[in-house]
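1. coordinates only, sequence not included:
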C-alpha cells in the first residue's frame, strides 16, 4: 500500500514537474503593503494591463507571474524572496523592484543564479552594474536631474537653492542637478537635506526664501510630501511668479496638483512620463488603464508595462529560452515605442535610454496638468557614462 | 533673523495644536483606565477618511468635521463595549497586542476600501492662502486649526472644571476605586470619556489631511507622535498634553530652521531630555 502511494506521488510529482517545464515563471518582488504600497500597486497594474492586452503566452509557452510582498525597504527580505523564487518556485525571471536597496540585494542573487532580472522602478544608477543579467525599464535619477540642470542653466537661471529629501535618490538628485547646473554656468547658493518622513516643511522653505535665489529645486518622494511642500511654499509667499520652482516630477503628481490647486500653476518639472503625454499610443494606454483600474497610470505603471514588454520581446527573440545570458543578450539594444515615447535598452549598460520632458503646470480645460513644452531625446544615464570602463 | 523665524514658529505652533487634538484623548483614557489604546491612531484615521468620503459626495469641508468627530466617537464606543472592556484587567502586553492588531486591521481595511493612494481634499477658498501681518505670512488654514484646537481645549477644560461630569472624570482619574466607592459609575464615565477622546482624534485626523496628507498608513505614522506627546505630557493631564504638543511642534520647526542637519532628530532629543528630567511626564501623576 505504501509503495503504491509512493509510486503515485512520484508519478504525480514527475508529471507536474514535466508540465511546469512549459510555464515560464516570472517572480515579481514589490512592496504591496506599508508606506510604498501605492507604488507597488501601480507598478503591478502596469504588469497586469500588459498581460491583459497581450495574453499570457509567448513563444508557445505560458507565462505565470508569482507575486511576493517585500513590505518596504527591506533588502534582506528582498534577497530571501529572490532566492526562494528561484530555488523553490522555479522562477526563470525576476522582476519588479520599486526600491533601490531591494533591487541591489536581489541583483546579487540574479548574478549568482544567472537569472534575467528586470528592474521596473528603482532609479539609482549603480543598480545595473550589480548583475550582468539585469536590465532596467524605469529611469535613473541622474538621467532626469542632470538633463534638467543643464536645461535650467541654458534658460539663463543664475542662482538656485536646493531642497532634497535625505535618502539615496534625494542625494543622487542633489548631486546630479548641482553638477549639471554649475557646469552650465549657474550657481547653487545653498542646499538643505530634509528628513524623509518630514511632515512640516515651513522651516526648510523659509531657509530657502532667506537665501533669495532665482530658483528653488525640490526633490521629495511621492506620497504625502509633494502636496505638503507645495503648500509650505505657497504659505511662505513663494510662487512661480517671484521664484522659479523647479523639481523632479514627483512634486507635481496628480494628487499633489489636486491638493495644491492654483498654487501649483507655473511649477516646472523634469520627468520621463506623464499620463497627459500627447501621443495616440499614450491616449490608448491611459484609456485602457482607467478602464481596468479606475485611475490614471503614473511613472510606476509605465515602468511595469514597459518591463513586461521587454520580457515578452526578449522571450520572443530567444524563442522561449529562459536562461539569463540568452535573455539579457536579446534585451540589449532592443528599441520600441512606449506610451511615454521612444525608448531603448543601451547594449553597453543594459539601462534605459529615453526622452526626458520638461513640463510646466498649467490649467487646461479647468484641470491642472503637466504640459510638456520642451524635451531632450535619447538620454542615457550620465553617471554610468562617466564611470571608468 | 527674527521675523522669518516667527513665521516658522507659528507653523510649528499650529502643528503642535494638531498633535494636541490627536493626543488629548489618549492621555486622558490612559490616565483614567490605564488602558493602552494603541488603536487611537486608527480612530484618527477613521475621522480623516469620513471627511474624504463625505467631501467626495459634495459635502462642504466644515460640515464634515462634526461628522468625523461623531463617527470616531460612536465607532470607538462599539469597540470599547465589545472588545476593550474585556482587557481592562489584563496586563499591558495583552492590551498592546489587541490594540496593535486593530491598527493593522484598520490599515488593511483602509487600503482595501480606499486604495493605497493619497487622499487629497480641496479646502474651501475661505481657508486657502495666507494673510500678512507685520511682514509675516500666516496661513489661513493653520489659523483655523489653532482656533479649532483652542476652542476644543476651552470646551474640555470647561467641562472638566465646571460640570458634574467633569468632576466625576477627575475623580475617576485620581482614584478609580475611591470614586467607584463613592457611587460614581466609573464604567459609564470611562465610556463617555473614551468616546470623546476618540472623537477628538477623529476631528484631528480630519484636520490633519491638509497639513500632512492621508493614506492608509496614517494610523501608524501618527501613533508615534501621539505616544511622544502623551509620554512627555504626562498621563491623564490635558495641560500636559497641550504643553508637550506645543513644545514638540515648536522645537521641531525651530530645530529644522536653525539646525537643519539635526532635522527630525531634535524632537526625539527634546523628548529624551524631558523624560530624563521628569520621568512621569511634565504633569504626570505616577
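-> Structure's in. What do you need? Worth saying up front: this structure is predicted, and the values here are computed from it rather than measured.
2. what mean pLDDT does the one helix or strand residue B:106 maps to have?
-> Per DSSP states H and E: residue B:106 is located in helix B:92-114. For helix B:92-114, the mean per-residue pLDDT is 93.
3. quick one, helices of chain A?
-> Along chain A, counting by DSSP state H, helices occupy A:2-20, A:37-54, A:75-87, A:100-113, A:141-154, A:168-183, A:202-210, A:225-235, A:254-260, A:280-293, A:299-318, A:324-331, A:382-386.
4. Is any residue of the next helix or strand after the helix holding residue B:106 near chain A?
-> Per DSSP H and E, the first helix or strand lying C-terminal to helix B:92-114 is strand B:130-133. Yes: Strand B:130-133 reaches chain A (CB under 8 Å from any CB of the partner chain) through B:130, B:132. For glycine as for every other residue, the C-beta is placed from the backbone atoms N, C-alpha and C.
5. For the helix or strand following strand B:130-133, name the packing helices and strands.
-> For strand B:130-133, the following helix or strand on the C-terminal side (DSSP H and E) is strand B:136-139. Contacts defined by 3 or more CB pairs under 8 Å, 6 or more residues apart in numbering or on different chains; DSSP states H and E place strand B:136-139 against helix A:225-235, helix B:2-33, strand B:130-133.
6. and among the ones you listed, the most buried is which?
-> Most buried of the helices and strands packed on strand B:136-139, by mean neighbour count (mean count of other CB atoms under 10 Å in any protein chain shown): helix A:225-235, with a mean of 26.
7. Can you name the residues in contact with that one?
-> Identification of contacts with helix A:225-235 by CB atoms under 8 Å, 6 or more residues apart in numbering or on different chains yields A:163, A:165, A:198-202, A:204-205, A:216, A:218, A:220, A:239, A:245, A:250-253, A:255-256, A:259-260, A:263-264, A:267, B:11, B:118, B:120, B:129-130, B:137, B:139, B:142, B:210-213.
8. which one is residue 250 nearest to, not counting chain neighbours?
-> Just so you know, I chose chain A. residue A:222 (4.7 Å; CB to CB, 6 or more residues apart in numbering or on different chains).
9. hmm, I had chain B in mind actually
-> Closest residue to residue B:250 apart from its sequence neighbours, by CB to CB, 6+ apart: residue B:12 at 4.3 Å.
10. just checking, the one you found touches residue A:206?
-> No: Residue B:12 is beyond contact range of residue A:206, at 11.0 Å (criterion: CB atoms under 8 Å).
11. Next, see if the helix holding residue B:106 gets close to chain A.
-> Yes: with CB under 8 Å from any CB as the criterion, chain A is reached by helix B:92-114 at B:108, B:111.
12. which helices and strands does that helix pack with?
-> With 3+ CB pairs under 8 Å, 6+ apart as the test, helix B:92-114 has helix B:40-56, helix B:218-233 packed against it.
13. do you know which of the ones you listed lies nearest chain A?
-> Closest of those to chain A is helix B:218-233, at 7.4 Å (criterion: CB to the nearest CB).
14. what about residue B:59, how many neighbours?
-> Using other CB atoms under 10 Å in any protein chain shown, residue B:59 is surrounded by 13 other residues.
15. Tell me who's in contact with it.
-> Contacts of residue B:59 (CB under 8 Å, 6+ apart): residue B:67.
16. Near chain A, which residues of the stretch 101-250 of chain B are found?
-> B:108, B:111, B:115-122, B:128-130, B:132, B:137, B:139, B:142, B:210-217, B:221.
17. Residues touching the helix holding residue B:106, excluding its own?
-> With CB under 8 Å, 6+ apart, helix B:92-114 has contacts from A:33, A:37, B:35-42, B:45-46, B:49, B:52, B:79, B:83-84, B:87, B:216-220, B:223.
18. How about the contacts made by the closest residue to residue A:59 other than its chain neighbours?
-> For residue A:59, ignoring the flanking residues on the chain, the nearest one in space by CB to CB, 6+ apart is residue A:320 at 3.6 Å. Neighbouring residues of residue A:320 by CB under 8 Å, 6+ apart: A:24, A:58, A:59, A:60, A:61.
19. ok, of the residues you listed, which come out buried?
-> Among the contacts of residue A:320, the ones that count as buried by 16 or more other CB atoms under 10 Å in any protein chain shown are A:24, A:58, A:61.
20. Return the member of those residues nearest to chain B.
-> Distances from chain B to those, taken by CB to the nearest CB, are shortest for residue A:24, at 28.8 Å.
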